[in-house]
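Undergrad: quick check, what structure comes out for this input:
(one chain, ligands or ions: 2)
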Amino acid sequence: MPELPVRAIQVLADAHPKPSHLYFQYGTAGFRTLGSTLDSVLFRVGILAGLRSKRLDGRTIGVMVTASHNPEQDNGVKLVDPRGEMLEASWEVHATALANAPSTDAFIEAVSALVQSARIDLSKPARVVYARDTRPSGPALISALEDGFKALGVEARDAGVTTTPILHYLVKAINTKGTNESYGDDSEDGYYTKLSASFKKLIAGKATPDTVVIDCANGVGAIAAKNLQAYLGTSIPLVLENTDTTSRGKLNDSCGADYVKTMQRLPPNLVDVMKPGQRACSLDGDADRLMYYYLDERGQFHMLDGDKIAALVAAFIVEQVKLAGLESEIKVGVVQTAYANGASTKYLEERLPVKCVSTGVKHLHHAAEHYSIGVYFEANGHGTVLFSPATQEILTKHEPSTPAQSTALNHLINLTQLINQTVGDALSDMLLVEVVLAHKSYSGVEWNSLYADLPNRLVKVVVGDRNAFKTEDAERRLVNPPGLQEKIHELVRRYEGGRSFVRPSGTEDVVRVYAEAVLRAQADELAFRVAGLVYDEAGGDPAKRPKEFI
Ligand SMILES: CC(=O)N[C@H]1[C@@H](OP(=O)(O)O)O[C@H](CO)[C@@H](O)[C@@H]1O
Ligand SMILES: [Mg+2]
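TA: Ligands and ions are numbered 1, 2, ... in the order given. You can find the predicted model right below:
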């Protein structure tokens, strides 16, 4: 039985000491904090990824270095499991334990304990594929990660600077290579070819889509969008904006999907670019979120968020399933979180099964796997569609009995190729939206009118201890601090169409308050009053009390 290469780990671990005053937590987005503090974490994640691969019999694990929509100086790292999915939850605890071992000796002890408890066979190979976004702190962090690989003897493949969804694609493609479940060629070329070929088939015979402006958030999505554009050729006219990936301070700065969703307005530098009637979308810093919007004829901004994408896509898929004559065999369902606009939930519930789960992609993804076709989107624009293995088999084996059935069946098969089923993918989702719009002959206006969003407001409250906030019922009800939920309920009752909930963030040291109501002013007022209640209950710095209530 081989032993841990303790000496090699020791020497390299000493070169990546853990800052004594910091605590790192592997949360919904992996480790994420100031990039300059993450050196030891990356080294240790290199070893952890290798161990995870050994545990899974040498299957390839992914490591993505990114902080997504967060500020440029932040960075982070997350692991991707062999099927292209988020790291299994039980290993999040191991990740946190390894990252916080105070010294090299303690770290080696923690690694040994993990090898024992997870019964890891050290004689198995360790294989990892890794990538990073465009952040300036990326190269140094990658080099710490590579030291981790070196210490354990990991066979590591560098996927360079690429998007989170492409890395997920690569992981799945590598692990299914040569099998009858092959996900595509395990290269970026394989990814672009798969997306562009299926897109072209899906829009064949339809009018060429209108020009779409893509705000690339000055991030890695700019590089991928440019590559994709070359593969798409003239099938869709794309105009890429915010593509400066080299100047300091530009990433996600007043642009990108998170800016648009939070501010509910155009990125300022698109104001002069966009014409009335034009459609555009924003990617986030690692291109796994997508927000659409358009200007109406009067130049007024209208946002089409993840909920609107889910409604558009789910309705189209249901229609194609019916047209293919597969209604009794294939059940389409939607998964949302409590942040989904109440109007979207109402629209969807009238048409198909809808499930609400806790925030975080892993919860949505797993719930979506329970449907034959599961559509999941977070309101912030992260989402995808999952076709179960049984559904994929039905689609390939079904014998259509009319030309119309055959066409719909082919559309569904092409959708399984167009959609990145491993994780939310802004570029794949953008093409998906354009396919549906082309088929329905919709502009942004018709799409937006599927239902009218309830005005809503999301605010953050800085509290003494966010862990004091505990929720149930997919985060829609607070159970701790005691009595606070009753007070919130009492407030909500006074607002027409009012809904509000409070939960601790899994990625920032804050408590989030969401509120919606029939009228804009009421949604705002409800959000700030609930925030005031939270603040009074949980306390903190008086200077940070929600301003409206000081
Ligand atoms: C309200 C909101 O948008 N929350 C985001 C945010 O989680 P929080 O736990 O709310 O910080 O980041 C997650 C990871 O990117 C994402 O899955 C989630 O939707
Ligand atoms: Mg992201």
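Undergrad: residue 479 belongs to a strand?
TA: Yes - read with DSSP: H, G, I helix; E, B strand; the rest coil, residue 479 is one of the residues of a strand.
Undergrad: show me the shaky parts of the chain.
TA: Residues of the chain that meet the criterion pLDDT under 70 lie in 1, 539-550.
Undergrad: ok, residue 56 - contacts?
TA: 81-82 (C-beta atoms under 8 Å, 6 or more residues apart in numbering). Glycine gets a C-beta too; all of them are placed from N, C-alpha and C.
Undergrad: okay but residue 379 is in contact with residue 308, surely?
TA: No - checked against C-beta atoms under 8 Å, the pair residue 379 and residue 308 is beyond contact range at 9.2 Å.
Undergrad: of the two, who's got more company?
TA: Regarding residue 379 and residue 308, a neighbour count based on other C-beta atoms under 10 Å identifies residue 308 as having more, with 28 against 25.
Undergrad: ok, that one touching residue 290?
TA: No - using C-beta under 8 Å as the test, residue 308 is too far from residue 290 to be in contact (10.9 Å).
Undergrad: name the next helix or strand downstream of whichever strand or helix holds residue 232, please.
TA: Counting by DSSP states H and E, the element that carries residue 232 is helix 220-232. Tracing the chain past helix 220-232, the next element assigned as helix or strand by DSSP H and E is strand 238-241.
Undergrad: burial of the spatially closest residue to residue 324 that is not a sequence neighbour, as a residue count?
TA: Closest residue to residue 324 in three dimensions, ignoring its sequence neighbours and counting by C-beta to C-beta, 6 or more residues apart in numbering: residue 408, at 3.9 Å. By other C-beta under 10 Å, the residues close to residue 408 number 20.
Undergrad: residue 408 is in contact with residue 323, isn't it?
TA: Yes - A contact is recorded between residue 408 and residue 323 when judged using C-beta under 8 Å, the distance being 3.6 Å.
Undergrad: A strand includes residue 302, no?
TA: Yes - residue assignment for residue 302, taken from three-state DSSP, places it within a strand.
Undergrad: contacts only, for residue 417.
TA: Listed by C-beta under 8 Å, 6+ apart, the contact partners of residue 417 are 194-195, 197-198.
Undergrad: most neighbours among those residues, which one?
TA: Across the contacts of residue 417, the neighbour count under other C-beta under 10 Å reaches its highest value at residue 195, namely 25 neighbours.
Undergrad: report the secondary structure element holding that residue.
TA: Using DSSP H and E, residue 195 falls in helix 188-203.
Undergrad: adjacent strands (with direction) for whatever helix or strand comes next after that helix?
TA: Elements were assigned by DSSP H and E; along the chain past helix 188-203, the next helix or strand is strand 212-215. Strands that pair with strand 212-215, judged by DSSP bridges, come out as strand 238-241 (parallel), strand 279-283 (parallel).
Undergrad: and the first one, what's buried?
TA: Meaning strand 238-241. By neighbour count on 16 or more other C-beta atoms under 10 Å, the buried set for strand 238-241 is 238, 240-241.
Undergrad: hmm, residue 160 is touching residue 131, no?
TA: Yes - using C-beta under 8 Å, residue 160 is in contact with residue 131, at 6.2 Å.
Undergrad: the two: which is more packed in?
TA: Shown here are residue 160 and residue 131; by other C-beta under 10 Å, residue 131 has more neighbours (26 against 12).
Undergrad: so which of the strands paired with strand 212-215 is nearest ligand 2?
TA: Put simply, out of the strands paired with strand 212-215 the one that sits nearest ligand 2 is strand 279-283, at 8.6 Å, with distance taken as C-beta to the ion.
Undergrad: so what touches that closest one?
TA: Contact with strand 279-283 is made by 210-217, 219, 221, 225, 255-257, 259-260, 267, 270, 274, 289-294, 426-427, 430, 433, 443-444, as judged by C-beta under 8 Å, 6+ apart.
Undergrad: do you know how far the residue of the stretch 301-450 of the chain found nearest ligand 2 is from residue 307?
TA: Scanning the stretch 301-450 of the chain for the residue nearest ligand 2 gives residue 382, at 6.8 Å (criterion: C-beta to the ion). With the distance defined as C-beta to C-beta, to the nearest Å, residue 382 ends up 12 Å from residue 307.
Undergrad: okay, these two: which has more neighbours?
TA: Counting neighbours by other C-beta under 10 Å for residue 382 and for residue 307 shows that residue 307 has the greater number, 28 against 24.
Undergrad: buried stuff in the strand or helix carrying that one?
TA: Secondary structure here is read from DSSP H and E; on that basis residue 307 sits in helix 306-323. By 16+ other C-beta under 10 Å, the buried positions in helix 306-323 come out as 306-321, 323.
Undergrad: and stretch 221-236, by the same measure?
TA: If you call a residue buried by 16+ other C-beta under 10 Å, then stretch 221-236 has these buried ones: 221-225, 227-229, 231-232, 235-236.
Undergrad: ok, so of those residues, who is nearest residue 356?
TA: For these, the minimum distance to residue 356 (C-beta to C-beta) is 28.9 Å, reached by residue 221.
Undergrad: surely that closest one is in contact with residue 162?
TA: No - at 10.0 Å, residue 221 and residue 162 do not qualify as touching, with contact defined as C-beta under 8 Å.
Undergrad: list the residues that contact the residue in the stretch 101-250 of the chain that ligand 1 sits nearest to.
TA: The shortest separation between the stretch 101-250 of the chain and ligand 1 is 10.1 Å, found at residue 164 (distances taken as C-beta to the nearest ligand atom). Under the criterion of C-beta under 8 Å, 6+ apart, the neighbours of residue 164 are 64, 66, 68, 133, 286-288, 423.
Undergrad: picking up where we left off before, helix or strand: which one has the nearest residue to the residue of the stretch 301-450 of the chain closest to ligand 2 once chain neighbours are set aside?
TA: For residue 382, ignoring the flanking residues on the chain, the nearest one in space by C-beta to C-beta, 6+ apart is residue 424 at 3.9 Å. Element membership for residue 424, per DSSP H and E: none, as it lies in no helix or strand.
Undergrad: start the count at 428, not 1, going forward
TA: That works, and once the first residue is 428, the last one we named lands at residue 851.
Undergrad: count of neighbours near the residue nearest to residue 726 when sequence neighbours are not counted?
TA: On the basis of C-beta to C-beta, 6+ apart, the spatially nearest residue to residue 726 that is not a chain neighbour turns out to be residue 703, at 4.8 Å. Applying other C-beta under 10 Å, we find 11 other residues in the vicinity of residue 703.
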